[in-house]
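Visitor: I would like to see how this sequence folds:
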Amino acid sequence: MRTKKNDHGAYVRKIQEGTTSFTQDLLGEIERLHLLVAALEAEREGLTERARDLQETVSANEALRALCASLEAEMNRLHEQAIALRTENERHQKESSRLKAQFEATRAESQRYSARYAEIEQQNSNLANLYVASYRLHGTLERREVIDALQEIIANLVGSEEAGLYEVNATTGDLDLLASFGLPTDWPRTIARGEGHIGRAVAAGEIYVADPAQAAERAPLERELTACVPLSLAGRVIGAIAVFRLLPQKPGIEDVDRELFELLATHAATALYCSGLHAKAQPAETVA
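Guide: Predicted coordinates:
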């Protein structure tokens, strides 16, 4: 009987020990589960935070996508506007080129008109000068006044203060110096017909204009000669005007000078001839 009591106590202790061990294992498992739950909770919170961040990222991406779409639309609008502006600029450039060409044409036309106006003004001035010269020559019958008028014409219109006025000698046919302007006092009083450029111009009855480059080839008395104008009346040479050095401001003989020489060739001859007749008639009129 004692043996059975001992066996029963050992069994109870064994059961108690098993229960205690189970309880401890169970508590350890519960503790482990608590830790696992805490870890899962922390992981859930982390996942929730990541999900929140992901949602914010998605929202930001949507906003960026909308912004990109807006920027692309704006870029397309600006591109279309740039094309329109480029087209407008090309149109303006073409219009500017057309206006520039028109302006150049207008300016060229204006310059042509200005040149033509200046030419007409010069021609009017030349005609006025020729008219004045002709009027001065025919405005008197006094030989001295005719000679003075010729001197003024040569000085003011031709541009020379050195000239000689010659008259053909009816007997010899040579040229006698009738008057001189600015020439030396010992200037030759007679030039033989056909001698030098002056004599040859008178013999030919043609106006002579000297070439400055050939001055060294001329005779000493004619090295400064600029022109020789035979004075013709009814096809007969009755005298000549020899023009020597020009004034410093006068570069050379111009077209208007040649026209003046043509006028002098006839009108000066007429004036000298008429003044000569008048001089010859004076004594007869005085006696009468």
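Visitor: going forward, measure contacts between C-alpha atoms and count neighbours the same way
Guide: Noted.
Visitor: so what secondary structure elements neighbour the longest helix along the chain?
Guide: The residue-count maximum for a helix in the chain (DSSP state H) belongs to helix 2-138. Counting contacts by 3 or more Cα pairs under 8 Å, 6 or more residues apart in numbering; DSSP states H and E, helix 2-138 packs against helix 143-153, helix 255-287.
Visitor: Now render those helices as JSON lines, adding mean pLDDT and distance to V168.
Guide: Listed next are the helices and strands packed on helix 2-138 as JSON lines, based on pLDDT from 0 to 100; distance: least, Cα to Cα, whole Å:
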{"stretch": "helix 143-153", "mean pLDDT": "89", "distance to V168": "16"}
{"stretch": "helix 255-287", "mean pLDDT": "80", "distance to V168": "11"}
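Visitor: Tell me which of those helices is the most buried.
Guide: Of all the helices and strands packed on helix 2-138, helix 143-153 carries the top mean neighbour count, a mean of 19, counting by mean count of other Cα atoms under 10 Å.
Visitor: Alpha carbons of that one, as PDB, please.
Guide: Provided in PDB are the C-alpha atoms of helix 143-153 (Å, rounded to 0.1, in the frame of the first residue of the first chain):
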ATOM      1  CA  ARG A 143      36.200 150.100-130.400                       C
ATOM      2  CA  ARG A 144      37.700 150.800-127.000                       C
ATOM      3  CA  GLU A 145      34.500 149.600-125.300                       C
ATOM      4  CA  VAL A 146      34.400 146.600-127.600                       C
ATOM      5  CA  ILE A 147      38.000 145.700-126.500                       C
ATOM      6  CA  ASP A 148      37.200 146.300-122.900                       C
ATOM      7  CA  ALA A 149      34.100 144.000-123.200                       C
ATOM      8  CA  LEU A 150      36.200 141.300-124.800                       C
ATOM      9  CA  GLN A 151      38.700 141.600-121.900                       C
ATOM     10  CA  GLU A 152      35.900 141.200-119.300                       C
ATOM     11  CA  ILE A 153      34.500 138.200-121.200                       C
END
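Visitor: helices or strands next to the helix or strand that comes right after it in the packing?
Guide: Downstream of helix 143-153, the first helix or strand assigned by DSSP states H and E is strand 163-168. When contacts are defined as 3+ Cα pairs under 8 Å, 6+ apart, strand 163-168 packs onto strand 175-181, strand 236-243.
Visitor: Reformat the helices and strands packed on helix 2-138 as CSV; add distance to V12.
Guide: Below are these laid out as CSV (distance: least, Cα to Cα, whole Å):
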stretch, distance to V12
helix 143-153, 170
helix 255-287, 160
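Visitor: Tell me which of those helices sits nearest to S134.
Guide: Nearest to S134 among the helices and strands packed on helix 2-138 is helix 255-287 (6.6 Å), distances taken as Cα to Cα.
Visitor: Give me the helices and strands touching that closest one, please.
Guide: Using 3+ Cα pairs under 8 Å, 6+ apart: helix 255-287 touches helix 2-138, helix 143-153, strand 227-233.
Visitor: For I241, grab the count of nearby residues.
Guide: When neighbours are counted by other Cα atoms under 10 Å, I241 registers 28.
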